[in-house]
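A.B. asks: what follows is a predicted structure for the sequence shown.
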Amino acid sequence: MKKISLFTLVLLFMLNALAIPAGAASTAFTSIALPDTAFTSGGIYAPSVTPLKDNQVLLLNRNADESSTVQVLDTSLHTVLWSRTLKVYDLAVVNVSQKIVLITEEKKAIKKIVFGYNGMELSSDNYHYALKLPTNNDNESFYIRWSAPSGNVPERIAIVSSEQFQLFQSPWKTSAVKYNLKMSPSDAYENIQLADIKYPGYPYVVAEYNASGIGTTTYLLRVINLYTKQEYSIPFDSKQRLGGHNIQYQISGKDLLVGTSHEERMGASIISPEAPQPTFYRYQLATGKLIQSLTAKFVSDQDVYGWTTELLGNTLFVQDLNNNSWSLYDTKGTQTVLASGEQGASPLILLKVNDTLRSVTLLASKGNGQSEMITVKY
């Protein structure tokens, strides 16, 4: 009998360990520290995920002490490549130059730190301490957003305080653009409060509001063109739970993408579990015209009913909170399910879709503020 060398045996063992049977999770994983709120409420509050290059993704966790943990993960090796914890007001990825831009603070002023994808700090800029942090009166929220230079538009920083939007650029002393984000009460809404903003770059701003009336709660997305001063608002029923950390919306080219989420106990149902539920909307950014929508039906045979969505590139990840089954959809396509699976009882976060290997890498809660990466064939 021909002898097999020790090297060959080790190589065969490694190849066998890397093989992932269809529909099964890989045994390789890494534990990742997450804030206690990361997987609460059926996973509705989730860390934000941004694809980098190859199998690398950027994970941003908001911690209970108002700091944030930034981690770059390798989804093929199931490892954390590097990690930083600091105060983060905004984060942006510049794919062309493979840079990660973090907006933080120093001496009560705004500071920018630029990292390479490898975690090396490339540069920092305190803007001559000209951009001071807004005064936080009565615990009022303020927002700071950064946009990269593009064409004839220079690098800019947006600051929102007391619902007033101001846009700054070099030399950072006075605002180049101002806009009032405050919305007055109406017959429909007695109280309207700003909840968050996105500033992907001039000229658009997307503001999120919590709007309440007598016995009703609605969530509004207000889209503003700072150049033309034209704007429109899109209302969402409160049963879709578009509020707080449950928002899933992004600008993709000339479109606005919105994913919905919902959770309830079956003893106090506010919607019909048997009916298909709206999970996704695609709007024309300039006009607010609805271009496309998706619906899905969810399991309702246990105590919890609902779903969560996650937008990752052109992929919509929809999870059933009843049994944690999941489905992938193409946000540019039709109602067709690209892939589906079921991962037991853990809330899930989509990290990576590999079309070539027909696999997805997910972040699954282990409890006690820990999670693990798993890769599943479909």
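C.D. replies: Alright, I've got the coordinates.

A.B. asks: who is Pro51 paired with across the strands?
C.D. replies: Beta-bridge pairing of Pro51 under DSSP bridges involves Val57.

A.B. asks: did I read that right, Leu73 in a strand?
C.D. replies: Yes - counting by DSSP: H, G, I helix; E, B strand; the rest coil, Leu73 is located in a strand.

A.B. asks: thought it was touching Asn61?
C.D. replies: No - between Leu73 and Asn61 there is no contact under CB atoms under 8 Å: 11.7 Å. For the C-beta atoms, the positions are set from N, CA and C on the backbone; glycine is no exception.

A.B. asks: and those two? which has more neighbours close in?
C.D. replies: Leu73 (26 against 22; other CB atoms under 10 Å).

A.B. asks: once you drop chain neighbours, what's closest to the more buried one?
C.D. replies: Distances taken as CB to CB, 6 or more residues apart in numbering place Val57 nearest to Leu73, at 5.3 Å, with adjacent residues excluded.

A.B. asks: can you get me a residue count around the one you found?
C.D. replies: Around Val57 there are 22 residues (other CB under 10 Å).

A.B. asks: so where is the chain shaky, pLDDT-wise?
C.D. replies: Residues of the chain meeting the criterion pLDDT under 70: 1-46, 136-139, 215-216, 237-247, 265-273, 302, 333-335, 343-346, 369.

A.B. asks: which non-adjacent residue is nearest the residue nearest the centre of it?
C.D. replies: The centre of the chain sits closest to Ser48, judged by CA atoms, centre = their mean, with a distance of 3.8 Å. Closest residue to Ser48 apart from its sequence neighbours, by CB to CB, 6+ apart: Leu60 at 4.6 Å.

A.B. asks: and if you look at Asn225?
C.D. replies: In space, Asn225 is closest to Pro203, 5.1 Å off (CB to CB, 6+ apart).

A.B. asks: now do the contacts for the one you found.
C.D. replies: Residues in contact with Pro203 (CB atoms under 8 Å, 6 or more residues apart in numbering) are Asn225, Leu226, Tyr227, Thr228.

A.B. asks: flag every buried residue along stretch 52-71.
C.D. replies: 52, 55-59, 61-63, 68-71 (16 or more other CB atoms under 10 Å).

A.B. asks: next: stretch 355-367.
C.D. replies: Buried residues in stretch 355-367, defined by neighbour count with 16+ other CB under 10 Å: Ser359, Val360, Thr361, Leu362, Leu363, Ala364, Ser365.

A.B. asks: need phi/psi at Asn324.
C.D. replies: phi 60, psi 20 (degrees, to the nearest 10).

A.B. asks: strands along the stretch 1-150 of the chain, start to end?
C.D. replies: 31-33, 48-51, 56-62, 68-74, 79-86, 90-94, 99-106, 109-116, 121-125, 143-147 (DSSP state E, counting those that start in this stretch).

A.B. asks: and for the stretch 201-350 of the chain?
C.D. replies: Secondary structure of the stretch 201-350 of the chain, counting by DSSP E, counting those that start in this stretch: strands at 204-213, 216-225, 231-237, 248-252, 255-259, 262-265, 277-284, 290-296, 304-312, 315-320, 325-330, 337-342, 348-354.

A.B. asks: between those, which gets nearest to Tyr378?
C.D. replies: strand 337-342 (3.8 Å; CB to CB).

A.B. asks: convert the C-alpha atoms of the closest one to CSV, please.
C.D. replies: The C-alpha trace of strand 337-342 is given here as CSV (Å, rounded to 0.1, in the frame of the first residue of the first chain):
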residue,chain,number,x,y,z
VAL,A,337,-36.3,35.1,-4.2
LEU,A,338,-32.5,34.7,-5.1
ALA,A,339,-31.8,32.5,-2.1
SER,A,340,-33.3,31.4,1.2
GLY,A,341,-32.4,29.5,4.4
GLU,A,342,-33.1,29.0,8.1
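
A.B. asks: listing partners with orientation, what would you give for that strand?
C.D. replies: strand 325-330 (antiparallel).

A.B. asks: what comes into contact with the strand it pairs with?
C.D. replies: With contacts defined as CB under 8 Å, 6+ apart, strand 325-330 is touched by 280, 294, 296, 299, 314-320, 335-343, 348, 350, 353, 360, 362, 378.

A.B. asks: let's see that with 6 Å instead.
C.D. replies: Leu294, Thr315, Leu316, Val318, Gln319, Val337, Leu338, Ala339, Ser340, Gly341, Glu342 (CB atoms under 6 Å, 6 or more residues apart in numbering).

A.B. asks: equivalent analysis for stretch 126-145, please.
C.D. replies: Taking CB under 6 Å, 6+ apart as the rule, stretch 126-145 contacts 89-90, 103, 105-106, 108-111, 158-161, 172-173, 197, 199.

A.B. asks: any of those residues buried? List them.
C.D. replies: For the contacts of stretch 126-145, a burial check counting by 16+ other CB under 10 Å picks out 89-90, 103, 105, 110-111, 158-161, 172, 197, 199.

A.B. asks: let me know the closest of those residues to Tyr232.
C.D. replies: Nearest to Tyr232 among these, counting by CB to CB, is Ile197 at 15.7 Å.
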